[in-house]
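# have a look at this prediction, sequence included:
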Amino acid sequence: MTTVQLGDDFPETLEAARNGSPAGWERLLGDLASRVVGYLRVRGARDPEATAGEVFLDVARGIHRFSGDEPGFRAWVFVIARRRLIDARRAGARRREVSLPPADLPDAAGPDSVEDAVMERASGDEVGRLLNLLTAEQAEVISLRVIAGFTIEETARVMGRQKGAIKALQHRGLAVLRRRLDAEGRIPEGTAND
Amino acid sequence: MRHEVDEVAELLVGQAAGSERDRLQSFITELRTEGCGAVAEPLLSGWAEAAAAAAEGAHRRSWWSRKVGAPMAVWKRRLVTAASAAVLLVGGFAGLAWAADGSAPGNALYGLDRALEHVGIGQGGAAERLQEIRDLIAGGNIPGGLSQAGELVGATPTATPDDASQAVEALQAAAARVASQGSEASSDVHAQVSTLLTYLSENIGQVDGKQVSELARGIADDQTPAASGAPDGVPPVDPGTPPVSVPPADHGTPPADVPPVDPGTPPVSVPHHP
């Protein structure tokens, strides 16, 4: 997938952003902003754009502590987005008094987790429905890879997991989707060979 | 070498084989479309402006917090507090010691100055004593200066302790004698005191007791009634005799019924009758 990279302009843009230049921030966020919003949306944020705004404020407050290259910056932004999403889910779960176990952390998430419950309500579309078939971590891996455009290594960094674990999650997630799509007859007759 | 297959990467670039492409490709495409939709321009501008302001504010805060406002752990706060108190204490003590160091006899801090010198703080020593003598005499307190000179000579190591002892006594007697003449001192006395100071300055480390005694007697001898206007009946002090207690401050003409004080006789204790 194609991501719009700043390339050699990244250090200069980062410095401008650090110095409080709105133009610098617009360039820095540019392509990244839409991916953050998309990630938050498919991951079930109630108000993806508002949450994205909070993510970017967190990024701005911490940008003086950031050091690294452009892929590192993108990964860092998604680490913040992921944490924000987890916080938002916890807050949302408390507000709605959902009678579910406090298993809303991604590591402990399962089919009956808060995340899945939120996802069920938030995503009425086909993509959301299919992602909802996956465990939280499988859905996370697929979302980060497809929407954020991360490699397996970058996804592992964002999620704080080993590369092998990400590969396994991805494989199992795709297998679940494949089975469901097969069962639902989305595969044209005669083209399926497994 | 085993080729590592990245299923998502293949789906993303449309390289998945056969039915695999048909099965998941549409899902991936939908996910990508859903997730990567463009953000409205005003929204992006708003975020950029808010982020710019936050970054600027964070920069100022981080600079300030690095200076003074950084939140500290409790143990660190306690350490800083203790260190500050120690600095204040040491600083205050050092300032007091510094202020006391230059004080002369009669000054409120003089006692502290001497106490600190005893424990090795402050300049002290013969040089400071001599300066104190100079200050006292320059301030018109010749008796005080002579008395201080006695202390100086007493504290200075001499080859013959007896001579030093006699010199101290002579200086004390001269001090008493000058004091008995009131605040006015003749130019001869000033000249003699000046000679004494010069001698002490030049021989600060090794005083000759006999020489000092001679100079002190010279000062006392100048306190003759004719030269200084001393009251009649007050005999000149014999520097060879032990020092006597200094008479009352006002040594002008005594009342007619009070007999003149004979410094050579010991004070008579008067029994108290209630």
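Sure thing, it's come through. Remember, it's a predicted structure, so these values are computed and weren't measured experimentally. Numbering: from 1, shown residues only, chains lettered A, B, ... in the order given.
# just give me the residue right at the centre of chain A.
Centroid-nearest residue in chain A: residue A:39, 4.1 Å away (criterion: CA atoms, centre = their mean).
# tell me the pLDDT at that one?
Residue A:39 carries a pLDDT value of 91.
# three-state assignment of it?
helix (DSSP: H, G, I helix; E, B strand; the rest coil).
# surely residue A:35 and residue B:34 touch.
No. At 11.4 Å, residue A:35 does not count as touching residue B:34 under the criterion of CB atoms under 8 Å. For the C-beta atoms, the positions are set from N, CA and C on the backbone; glycine is no exception.
# of these two, who's got more company?
Per other CB atoms under 10 Å in any protein chain shown, whichever of residue A:35 and residue B:34 has more neighbours is residue A:35, with 28 against 20.
# follow-up on the earlier one: name the nearest residue to the residue nearest to the centre of chain A, ignoring sequence neighbours.
Leaving out its chain neighbours, the residue that sits closest to residue A:39 by CB to CB, 6 or more residues apart in numbering or on different chains is residue A:147, at 4.9 Å.
# pull out the buried positions in whatever helix or strand residue A:178 lives in.
Using DSSP states H and E, residue A:178 maps to helix A:163-183. Within helix A:163-183, the residues that qualify as buried by neighbour count (16 or more other CB atoms under 10 Å in any protein chain shown) are A:166, A:167, A:169, A:170, A:173, A:174, A:176, A:177, A:178, A:180, A:181.
# ok, the residue nearest to the centre of chain A touching residue A:145?
No. Using CB under 8 Å as the test, residue A:39 is too far from residue A:145 to be in contact (10.7 Å).
# now the buried residues of helix A:163-183 as a markdown table including pLDDT and distance to chain B?
As requested, the buried residues of helix A:163-183 are exported to a markdown table (pLDDT from 0 to 100; distance: CB to the nearest CB, whole Å):
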| residue | pLDDT | distance to chain B |
| --- | --- | --- |
| A:166 | 94 | 10 |
| A:167 | 93 | 8 |
| A:169 | 94 | 11 |
| A:170 | 93 | 6 |
| A:173 | 92 | 9 |
| A:174 | 90 | 5 |
| A:176 | 91 | 11 |
| A:177 | 89 | 6 |
| A:178 | 86 | 6 |
| A:180 | 87 | 10 |
| A:181 | 84 | 5 |
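# hang on, isn't residue B:151 packed against residue B:130?
No. The pair residue B:151 / residue B:130 is not scored as a contact, 11.0 Å apart, by CB under 8 Å.
# count the neighbours of the residue of the stretch 151-274 of chain B found nearest chain A for me.
Closest to chain A within the stretch 151-274 of chain B is residue B:204: 64.6 Å, counting by CB to the nearest CB. Using other CB under 10 Å, residue B:204 has 15 neighbouring residues.
# gap between it and residue B:169?
Distance, residue B:204 to residue B:169, using CB to CB, to the nearest Å: 21 Å.
# swap in residue A:141?
Distance, residue A:141 to residue B:169, by CB to CB: 104 Å.
# same question for residue B:94.
For residue B:94, the distance to residue B:169 - CB to CB - is 39 Å.
# and those two? Which one has more around it.
Between residue B:94 and residue B:169, counting by other CB under 10 Å, residue B:169 is the more crowded of the two (19 against 11).
# and the pLDDT for the more buried one?
85.
# cool, and residue A:10?
92.
# not counting sequence-adjacent ones, nearest residue to it?
Closest to residue A:10 by CB to CB, 6+ apart is residue A:70, at 4.3 Å.
# one more: residue A:139?
Leaving aside its sequence neighbours, residue A:139 sits nearest to residue A:131 (CB to CB, 6+ apart; 4.6 Å).
# surely the one you found meets residue A:142?
Yes. Counting by CB under 8 Å, residue A:142 is a contact partner of residue A:131 at 6.9 Å.
# any common contacting residues for these two?
residue B:31 (CB atoms under 8 Å, 6 or more residues apart in numbering or on different chains).
# quick one on the thing from earlier: so how many other residues sit close to the residue nearest to residue A:139?
Residues near residue A:131, counting by other CB under 10 Å: 26.
# ok, so what distance separates it from residue B:88?
On the measure of CB to CB, residue A:131 and residue B:88 end up 64 Å apart.
# quick one: contacts for residue 35?
Because you didn't say which chain, this covers chain A. A:3, A:147, A:148, A:149, B:35, B:36.
# wait, I meant chain B there
By CB under 8 Å, 6+ apart, the residues touching residue B:35 are A:35, A:38, A:39, A:41, A:42, A:143, A:146, A:147.
# in the chain, which helix is the longest?
Since no chain was named, I'll use chain A. Scanning chain A for the helix with the most residues, using DSSP state H, yields helix A:70-96.
# that was the other one, I meant chain B.
helix B:74-101.
# mean confidence score for that one?
79.
# what of stretch A:91-110?
56.
# likewise stretch A:50-67?
Rounded mean pLDDT across stretch A:50-67 is 93.
# how about residue B:45: what's its closest non-neighbour residue?
residue A:26 (6.5 Å).
# tell me which element that neighbour falls in.
helix A:22-42.
# give the buried residues for that helix.
For helix A:22-42, the neighbour count (16+ other CB under 10 Å) marks A:22, A:24-42 as buried.
# next: stretch A:83-93.
A:84, A:85, A:86, A:88, A:89, A:92, A:93.
# want to try CSV for those, with distance to residue B:142 as columns?
As requested, these are exported to CSV (distance: CB to CB, whole Å):
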residue, distance to residue B:142
A:84, 87
A:85, 92
A:86, 90
A:88, 91
A:89, 93
A:92, 94
A:93, 94
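# between these, which is closest to residue B:14?
Minimum distance to residue B:14 across the buried residues of stretch A:83-93 is 29.4 Å, recorded for residue A:85 (CB to CB).
# sticking with residue B:205, tell me its helix or strand.
Using DSSP H and E, residue B:205 maps to neither a helix nor a strand.
# helix or strand for residue B:151, which one?
helix B:142-155.
# near chain A, which residues of the stretch 1-150 of chain B?
Counting by CB under 8 Å from any CB of the partner chain, the stretch 1-150 of chain B comes close to chain A at B:6-8, B:12-13, B:18-20, B:22-24, B:26-28, B:30-32, B:34-39, B:43-56, B:58-59, B:62.
# just the buried residues of those residues.
Buried among these (16+ other CB under 10 Å): B:7-8, B:12, B:19-20, B:23-24, B:27-28, B:30-32, B:34-36, B:39, B:43-44, B:47-48, B:50-52, B:54-55, B:58-59, B:62.
# coming back round to it: so the residue of the stretch 151-274 of chain B closest to chain A touches residue B:125, yeah?
No. Residue B:204 is beyond contact range of residue B:125, at 9.1 Å (criterion: CB under 8 Å).
# so what's residue A:71 up against?
So, once contact is read as CB under 8 Å, 6+ apart, residue A:71 ends up touching residue A:154.
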